[in-house]
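Trainee: Just the structure for this:
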Amino acid sequence: MPAYQTAVFDLDGTLLDSLCDLHLSINAVLAAHDMPTHSLDDVRRFVGNGIRKLVERAVPAGTNDAQRDAVYEDFCTYYAAHCEDHTGPYAGIPDLLAHLRAAGVRLAVVSNKGDFAVQELVSRQFPDTFDAILGENEAAGIRKKPAPDMVEAALERMGAGRDGLVYIGDSEVDVQTAANVGCPCVSCTWGFRGVDELIAAGATTFVDTPAELERVLLGTAR
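Mentor: As a prediction, the model looks like this:
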């Protein structure tokens, strides 16, 4: 019997190493608008709260609403065409997911990335793997993480309750999301935030590899 019956995953920095494409895409669009570009570490700090927040953090201070909206629209178009140029699963993630499915664990992805990109990436990178897939869709009344709405929507789509639920992510947003849902959180150290940042956010359970995560989720950790 697995330790958890339902596992809800963050996407970027947890399942997919997508930072390079996010970095290249935002810089391409900023350059097209004659705005300064950013380092990889800058973009690492900018991501986690959705595309609009990424753009808000990336554009220069004092950028007006119309300019910011134009960068946002252009980023969505550019990233949709380039979101898989350098993006792929972290080593060990496909095996982890296969083993969880074989053990009967329900699997979901919830991401603050735009739903158009989440659906595309998950369907191509992890075909026929997840029981529920949700990207940002506040227009439908589902608030972004760290609000609990996305996890609750995923549970509803899977016909699952909170019993046996665990949330897995790599950032302070994920720690806060699990707290707002009221479920355990496992923090992955291979993602976009450092251990010190996660500890400061209240994280208490850490895994350093997908194999270690598998042992925690299936209850075989020694």
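
Trainee: Can you tell me how far the closest residue in space to R52 that isn't next to it in sequence is from L30?
Mentor: Among residues not flanking R52 along the chain, Y72 sits closest, at 6.0 Å (CB to CB, 6 or more residues apart in numbering). Every C-beta, even on glycine, is put in place using the N, C-alpha and C of the backbone. Distance, Y72 to L30, by CB to CB, to the nearest Å: 12 Å.

Trainee: Give me the mean pLDDT for the top helix by length along the chain.
Mentor: Assignment by DSSP state H gives helix 65-82 as the longest helix of the chain. Regarding helix 65-82, the rounded mean pLDDT is 96.

Trainee: and the end-to-end length of stretch 134-146?
Mentor: Using CA to CA, to the nearest Å, one end of stretch 134-146 lies 14 Å from the other.

Trainee: Give the buried residues for it.
Mentor: 134-137, 142, 144-146 (16 or more other CB atoms under 10 Å).

Trainee: Low-confidence regions, this protein specifically.
Mentor: 221-222 (pLDDT under 70).

Trainee: all helices for it, in order.
Mentor: For the chain, the helices defined by DSSP H occupy 19-32, 40-46, 51-58, 65-82, 93-102, 115-125, 149-158, 172-181, 195-200, 210-218.

Trainee: and among the ones you listed, the most buried is which?
Mentor: helix 172-181 (a mean of 22; mean count of other CB atoms under 10 Å).

Trainee: For that helix, give me every contacting residue.
Mentor: 10, 14, 48-49, 110, 112, 145-148, 150-152, 162, 165, 167-169, 184-185, 187, 193, 197-198, 200-203 (CB atoms under 8 Å, 6 or more residues apart in numbering).

Trainee: Let's see that with 6 Å instead.
Mentor: Taking CB atoms under 6 Å, 6 or more residues apart in numbering as the criterion, the residues outside helix 172-181 that touch it are 10, 48, 145-146, 148, 151, 167, 185, 201-203.

Trainee: want to throw the residues you listed into a markdown table with distance to S18?
Mentor: Formatted as a markdown table, these follow (distance: CB to CB, whole Å):
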| residue | distance to S18 |
| --- | --- |
| D10 | 11 |
| G48 | 12 |
| K145 | 16 |
| P146 | 20 |
| P148 | 24 |
| V151 | 21 |
| Y167 | 19 |
| C185 | 21 |
| A201 | 21 |
| G202 | 25 |
| A203 | 21 |
